[in-house]
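Student: how does the following fold in three dimensions:
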Amino acid sequence: MSLIGDGENSLLVIKTITYVFSYVYLQNAFKNLIIAYPRNKGFRIIYHVIRFEFKRATPTHVQGIIDRIENELDKEERYENID
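Tutor: Predicted coordinates for the structure are as follows:
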């Protein structure tokens with residue numbers, strides 16, 4: 001593209017695509033961390049901030065989610081102990 005004179009525009013397009021893919025990759029990485037470590041509040045808050053879900057990143061909302069997940073995990077542990 002530099003022979004045509006579009007070097008600057010091509011670089012802008014490549015940078016934009018790279019930023020978009022990096023953003024999506026970062027979102028998916030934190031989503032997977034939430035699945036792997038459901039009791040970690042920090043990962044959940046960072047994930048919601050990255051996704052611009054500031055209302056869900058508030059401590060009261062996150063604590064409710066953590067409590068629900070802990071109850072689900074406790075139920076699973078009880079069922080595993082029965083078997």
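
Student: please identify the buried residues of whichever strand or helix holds residue 17?
Tutor: Following DSSP states H and E, one finds residue 17 within helix 7-36. For helix 7-36, the neighbour count (16 or more other Cβ atoms under 10 Å) marks 30, 33-34 as buried. From N, CA and C alone the C-beta is placed, and that goes for glycine too.

Student: please compute how far it lies from its chain's middle.
Tutor: Chain-centre distance of helix 7-36: 13 Å, with Cα atoms, centre = their mean, to the nearest Å.

Student: tell me the first helix or strand C-terminal of that helix.
Tutor: Next element after helix 7-36 (DSSP H and E): helix 41-50.

Student: let me know the angle separating the helix holding residue 17 from helix 41-50.
Tutor: Interaxial angle of helix 7-36 relative to helix 41-50 (axes from the mean of the first three to the mean of the last three Cα atoms, to 10 degrees): 140 degrees.

Student: list the helices and strands helix 7-36 packs on?
Tutor: Secondary-structure packing of helix 7-36 (3 or more Cβ pairs under 8 Å, 6 or more residues apart in numbering; DSSP states H and E): helix 41-50.

Student: just the buried positions in the helix it packs on, please.
Tutor: 43-48.

Student: of those residues, closest to residue 67?
Tutor: residue 44 (12.3 Å; Cβ to Cβ).

Student: ok, now which ones touch the closest one?
Tutor: Counting by Cβ atoms under 8 Å, 6 or more residues apart in numbering, residue 44 touches 34, 62, 65-66.
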